[in-house]
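>>> quick one: sequence plus predicted model below, questions after.
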Amino acid sequence: MIIQEQAAEIRSLLVLQGANMKRMRDYIELVRQLHTTPINYCTAVSEVVRRRSYSQAFLMVQTRQITTSLIGRMCLAITVSFFLF
């Protein structure tokens, strides 16, 4: 009987240790997430800034191309109309 009681006591201690280990794993994961949160936030902010600057540069280039294209068409139309009339 003594051996069975000791085995049961050891089993209950192992179950308790397993629960403590799981709780500790969860706690460590939470601490890891708290540690990486500022890094993730800064990365997200820098990505927003990068995309915004790219968008502004893209719009400037497109505006220049449209303006150049319109000026070229107007010059061509003026030249063609000059020679036709």
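Sure, I can see it. Every value quoted in this text rests on a predicted model; they were computed, and no experiment measured them. Numbering: from 1, shown residues only.
>>> off-centre distance for the one helix or strand Gln56 maps to?
Secondary structure from DSSP states H and E places Gln56 in helix 2-84. Averaging C-alpha positions (Cα atoms, centre = their mean, to the nearest Å) puts helix 2-84 0 Å from its chain's average.
>>> so for it, mean pLDDT?
Averaged over helix 2-84, pLDDT sits at 87.
>>> I'd like the numbering to begin with 3 instead of 1 from here.
Let's use 3 as the start, then, which means that last one is helix 4-86.
>>> measure how buried Cys44 is and give me the count.
10 (other Cβ atoms under 10 Å). For every residue, glycine as well, the C-beta is placed using N, CA and C.
>>> and if you look at Gln6?
Using other Cβ under 10 Å, Gln6 has 8 neighbouring residues.
>>> ditto for Pro40
9.
>>> check the one 5 residues further on too.
By the measure other Cβ under 10 Å, the count of residues near Thr45 is 11.
>>> same question for Lys24.
Neighbour count for Lys24, taken as other Cβ under 10 Å: 10.
>>> likewise the one 4 residues further on?
Other residues lying near Asp28 total 10 when counted by other Cβ under 10 Å.
>>> equivalent analysis for Arg53, please.
10.
>>> separation between it and Leu16?
Going from Arg53 to Leu16 by Cβ to Cβ, to the nearest Å gives 53 Å.
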